[in-house]
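Asks: fold the stuff below for me.
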Amino acid sequence: MFHFRAFLCVLTLLVTYIGIRAQQIEPSKLEIGAQFSSLTLAAPGVKREVGAGGRVTYNLTDNLAVEAEGNYFPSGSTRGFTPGGSILQGQFGLKAGKRWDKFGIFAKARPGFVSFDGTFAPRPAGTTTINGMQFPVYDLDRIIRTTHFSMDLGGVLEVYPSRRVIVRFDAGDTMIRYGAHDTLDFSHTPEFFRTQARTTHNFQFSAGVSFRLAAHKDESDDDTGGRGVPILRKATPKFEVGAQLTSLTFNPPRQLSGDIVFFGENRPQTETGLGARFTFNLNRFVGLEAVINYFPTADGVAAGATGRVLQGQFGIKAGRRFERFGLFGKVRPGFVSFSRSQNLVGTRQLTFAGFPFVQGDFEFARRTFFANDLGGVLEFYPTRRWALRFDLGDTLIYYGERSVPTFQLHPTFVTAPSERRHNFQFSSGFSFRF
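Replies: Predicted coordinates for the structure are as follows:
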């Protein structure tokens, strides 16, 4: 989370600086944007990481632009010798193609880097003697950040709902060049050896929105309706219904096994899902809303919290709405529900070989925990009826007591106490306003 917060701070400072400089830059040249990104790492194994990012583009002409993009993938679902941990990505390069009135098609070539913060760095730590034979000992607790060169090659589709707003989709191959590194493999002789550098091809897809700074006024942006005669600005629509794509990075609670409670934590895991949202705007600044998300591929995060995930949040959104965009904070209590979890539903006294013991009764059923969604919202208004929306925040999940059966005789189950976990969540979608 520290690297993600640092990344957000740098991005905020960059956007602030750009906003200050915007009036000194030729109109329509500069764009800033946010996006939802999916990176499928091809090796080792195949693993999809989901994250969020920002982008700055400077258009040299209508057909050629230079741009910088940064993405953060918080899951860090695996740790390994390379790659491992959460991912910070930066790409800087060119975009070239053809722009029409309502859409544009481009190719991109952007060198940069991909950095992992959970890479194992093993090292020899002496030897030990077992039954008169010496065996090497290795230090496996050392974890470091590693950074590798990358090249983003692919295509871009842009849609222009208005002169200021751009909806953008990127798809391509993010090639990562992993340098030579030390690794440990007990099926290999020697166990500790140096692997050769290699290049992998990794599919990446991103979807987001950009805002053009200091764009020229045209008929779609003024308040005259294209007739040169001012018209009255209408009030903010009262109702909004929308759909969204969301990712929730679960920070698992402590794990349970057959006969011991492990106080260490598993690595976070990111799940993607779909959702719907309803908003009632009390005025231009405050709205009440309800959100339902469903994660169809989730299989749970820990014992007592397994199965597909259904999430519901209900609360308030408050902030400032401008002509073309809005900035809000949100507080939305609700729930996170797991479809098939092992639950302790009761106990009973039994006697075995003359010894009394307590046995737990378990069943598989839905398990629901309280959750609270705290964060921020960025909205763009390409037209009066439509809004593009991006949510980012911390979904706090309050896990109740969880139990699993055990082979011990008294009692025949182990229990983990209640606990709270912070979970990063990012959503992007659209709304129809009426």
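Asks: so residue 38 makes contact with residue 49?
Replies: Yes: assessed by CB atoms under 8 Å, residue 38 is found in contact with residue 49 at 7.3 Å. The C-beta positions use only the backbone N, C-alpha and C, and glycine is treated the same way.
Asks: who has more neighbours out of the two?
Replies: Ranked by neighbour count (other CB atoms under 10 Å), residue 38 and residue 49 place residue 49 first, with 25 against 20.
Asks: OK, contacts around the more buried one?
Replies: Going by CB atoms under 8 Å, 6 or more residues apart in numbering, residue 49 touches 38, 39, 40, 41, 73, 75, 77, 87, 270.
Asks: among the residues you listed, show me the least confident.
Replies: Within these, pLDDT reaches its minimum at residue 77, with 55.
Asks: who does residue 35 form a beta bridge with?
Replies: Residue 35 has these beta-bridge partners by DSSP bridges: residue 53, residue 208.
Asks: can you get me a residue count around it?
Replies: By other CB under 10 Å, the residues close to residue 35 number 22.
Asks: also residue 110?
Replies: Using other CB under 10 Å, residue 110 has 22 neighbouring residues.
Asks: ok, what's across the strand from it?
Replies: Per DSSP bridges, the residues bridged to residue 110 are residue 152.
Asks: low pLDDT regions in the stretch 251-400 of the chain?
Replies: Across the stretch 251-400 of the chain, the ranges flagged by pLDDT under 70 are 257-267, 352-353.
Asks: strands of that one, start to end?
Replies: For the stretch 251-400 of the chain, strands defined by DSSP state E, counting those that start in this stretch occupy the ranges 255-256, 261-262, 269-281, 286-295, 300-302, 305-306, 309-321, 325-352, 355-380, 386-399.
Asks: among the contacts of residue 49, which ones are buried?
Replies: Listed as buried from the contacts of residue 49 are 38, 39, 41, 73, 75, 77, 87, 270; burial here means 16 or more other CB atoms under 10 Å.
Asks: just send those residues back as CSV, with distance to residue 356 too.
Replies: Formatted as CSV, those follow (distance: CB to CB, whole Å):
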residue, distance to residue 356
38, 55
39, 56
41, 53
73, 52
75, 46
77, 44
87, 53
270, 46
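Asks: the strands of the stretch 251-400 of the chain: which one's closest to residue 133?
Replies: Residue 133 sits nearest to strand 261-262 of all these, at 32.0 Å, using CB to CB.
Asks: tell me how far the closest residue in space to residue 250 that isn't next to it in sequence lies from residue 268.
Replies: Leaving aside its chain neighbours, residue 250 sits nearest to residue 301 (4.4 Å; criterion: CB to CB, 6 or more residues apart in numbering). For residue 301, the distance to residue 268 (CB to CB, to the nearest Å) stands at 9 Å.
Asks: how about residue 368?
Replies: 21 Å.
Asks: same question for residue 291.
Replies: 22 Å.
Asks: likewise residue 339?
Replies: From residue 339 over to residue 268 the distance is 21 Å, taken as CB to CB.
Asks: try residue 121
Replies: From residue 121 to residue 268 the distance is 21 Å (CB to CB).
Asks: can you pull the contacts of the spatially most central residue of the chain?
Replies: Central residue of the chain (CA atoms, centre = their mean): residue 51, 3.5 Å from the mean position. By CB under 8 Å, 6+ apart, the residues touching residue 51 are 36, 37, 38, 39, 71, 72, 73, 74, 75, 87, 247, 426.
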